[in-house]
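Asks: Return atomic coordinates for the entry below.
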Amino acid sequence: MKLFFIVDNNQPHASGGGFYAIFMFASALARQGHHVFIYAVHDLGWLKGHDIETLNIYYRPTISRTNRFTRKLDKMLEALCDRLILPWFLKKNQSDWVLGVLKESAIKAVALAEQHQLCVANFIYECPPWLRDVYGEAVYQKGNQGYTKWLWDKTQKAYLASDVLFPNSDLSRDYNQRWLNGREIADPVYPGIDIEQMPFKGEINSCSHPSVLFVGRLVEDKNISFLINAWKQIPSNITLNIVGTGPLMNALTKQARGMQNIIFHGYVNDENLWRFFRSTDMLVCPTRFEGFGMPPMQSLYFEKPCLASDLPILRSVYGDYIDYFPLNDEQALIDGVMYLLEHKEYAQKKGQEGRVFVLEHFTWEQSAEKIVNALSAFKLCANKC
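Replies: A predicted model of the protein is given here:
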């Protein structure tokens, strides 16, 4: 099977779990012998130095979107590349399927597939009904205007025109089915782990005192400002390692100024990220919204317990394998952190049970097989019809 992925990760700080998963799906599919091509924007080193013969990646030329002027220039460059380079690569690779993700990529994938009479599949995450339930009607309507509303309308049409839709959770499937008026959607294709690329044992960051890890983009929805405020009441010998970057980096580092037990590490590559997971005592996720939430899965893989905001998406994916606190409840967060750090046997049990759960349900290979089965089933049905 020849697969052509379009990944519009236009902002490096926005290239989070959803885009990361697409790269990993593509890699797993290539390792299974399928010919895979990825057309993307920013190279974050996720597949740097890969030696997979059937995997090819192209990153389009970019202009850093640091202000309105450079953003406009890069969008013009993007449009030029989409018109000239993107179709050329598609034709050169003689692909069977075009695959997109979320919004911009999904729209492009459908347009390109229709132009070249190819099958199209899209990976879908959050959607307007889900966002409305999370943020409330007033906040949702305030944000769903102008370009944002236009983009969601175009995305809805692209999803309806897709041959196959892959949600990343049961919750995503249910919300998108409602949004798409009962449209058939495939079974969830979960993000995963790769035991060959994620050494369970090995070198760790040595630390003589308790440490807690946060991993994620530094954006409003991750609720890191709330976490920093809560950390003022945490004993000073407990270190909070914040791994990730994003538009709030300067504001958050300023907020944490003078707090010696909070360390910002910025973006780190996978090798160093796994080292952080191996060396930490636990993961904390104070997030207000997640499309899936990969860090808890990665934490459990390394047998480290996780404390997270009590969100429906996290409950639906991880059940009781992680611990929860009520969203924005500062004292509950503090109590949860201290409990996991002070009750070693309980924390160890949660980590061990969580690792078994993750290995049984979340691997890139399992996800790749689901993708192939769904695409093959559609082709078979289309041929019979």
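Asks: Name all residues that make contact with Glu342.
Replies: For Glu342, the contact set (CB atoms under 8 Å, 6 or more residues apart in numbering) is empty. C-beta coordinates here come from the backbone N, C-alpha and C atoms, glycine included.
Asks: all numbers from here: first residue = 371
Replies: Will do, 371 is the new start, and the previous item becomes Glu712.
Asks: any idea of the pLDDT on it?
Replies: Note on Glu712: pLDDT of 97.
Asks: do the same with the one 4 residues further on
Replies: With respect to pLDDT, Tyr716 scores 98.
Asks: What of Lys754?
Replies: For Lys754, the pLDDT comes out at 50.
Asks: Same check on Leu703?
Replies: Leu703 is assigned a predicted lDDT (pLDDT) of 98.
Asks: From Lys461, how far off is it?
Replies: Noted for Leu703: a distance of 53 Å to Lys461, by CB to CB, to the nearest Å.
Asks: more neighbours, those two?
Replies: Comparing Leu703 with Lys461 by other CB atoms under 10 Å, the one with more neighbours is Leu703, at 26 against 10.
Asks: shouldn't Asn379 be in contact with Phe389?
Replies: Yes - Asn379 is in contact with Phe389 according to CB atoms under 8 Å; the separation is 4.5 Å.
Asks: ok, and Tyr428, which helix or strand is that part of?
Replies: Taking DSSP states H and E as the definition, Tyr428 sits inside strand 425-429.
Asks: again, but for Ala678
Replies: Per DSSP H and E: Ala678 is located in strand 676-679.
Asks: That strand pairs with which strands, parallel or anti?
Replies: Strand 676-679 has these partner strands in its sheet, going by DSSP bridges: strand 652-655 (parallel), strand 693-695 (parallel).
Asks: Distance from the chain centre to stretch 721-739, please.
Replies: Remark: stretch 721-739 is offset 16 Å from the chain centroid, using CA atoms, centre = their mean, to the nearest Å.
Asks: Could you do stretch 595-604 as well?
Replies: 25 Å.
Asks: and it, which residues are buried?
Replies: Residues Ser595, Phe596, Leu597, Ile598, Ala600, Trp601, Ile604 are the ones in stretch 595-604 that count as buried (16 or more other CB atoms under 10 Å).
Asks: quick revisit: now tell me what touches the strand holding Ala678 from outside.
Replies: Contact with strand 676-679 is made by 593, 652-658, 663, 665-666, 669-670, 684, 688, 692-698, 703, 706-707, 710, 724, as judged by CB under 8 Å, 6+ apart.
Asks: Next, the buried residues of that strand.
Replies: Cys676, Leu677, Ala678, Ser679.
Asks: what's the answer for stretch 686-703, then?
Replies: Residues of stretch 686-703 classed as buried by neighbour count (16+ other CB under 10 Å): Val687, Tyr688, Tyr691, Ile692, Asp693, Tyr694, Phe695, Leu697, Asp699, Glu700, Ala702, Leu703.
Asks: Can you tell me the element Asp444 falls in?
Replies: Assigned by DSSP H and E, Asp444 belongs to helix 438-463.
Asks: now for that helix, which elements pack on it?
Replies: Counting contacts by 3 or more CB pairs under 8 Å, 6 or more residues apart in numbering; DSSP states H and E, helix 438-463 is packed against strand 372-377, strand 405-410, strand 425-429, helix 474-486.
Asks: let's go with 6 Å and repeat that
Replies: Applying 3 or more CB pairs under 6 Å, 6 or more residues apart in numbering; DSSP states H and E, one finds that helix 438-463 contacts strand 405-410.
Asks: Run through the strands of the stretch 521-670 of the chain in chain order.
Replies: Using DSSP state E, counting those that start in this stretch, the strands of the stretch 521-670 of the chain run over 534-537, 581-585, 609-613, 632-636, 652-655.
Asks: Any idea how many residues pack against the spatially closest residue to Asp452 that is not a sequence neighbour?
Replies: Using CB to CB, 6 or more residues apart in numbering and skipping residues adjacent in sequence, the residue nearest Asp452 is Lys478, 6.5 Å away. Lys478: 19 surrounding residues under other CB under 10 Å.
Asks: cool, Lys592 as well?
Replies: Close neighbours of Lys592, defined as other CB under 10 Å, add up to 25.
Asks: show me what contacts it?
Replies: Residues in contact with Lys592 (CB atoms under 6 Å, 6 or more residues apart in numbering) are Gly586, Thr657.
Asks: still on that earlier bit, quick check, nearest of the buried residues of strand 676-679 to Gln567?
Replies: Cys676 (20.5 Å; CB to CB).
Asks: so the closest one bridges to which residues?
Replies: With DSSP bridges as the criterion, Cys676 is bridged to Leu653.
Asks: ok so, going back, tell me which of the buried residues of stretch 686-703 fall in helices.
Replies: Residues of those located in helices (DSSP state H): Val687, Tyr688, Glu700, Ala702, Leu703.
Asks: Can you say which two of these are spatially most distant?
Replies: So, these by CB to CB: farthest apart are Val687 and Glu700, at 24.7 Å.
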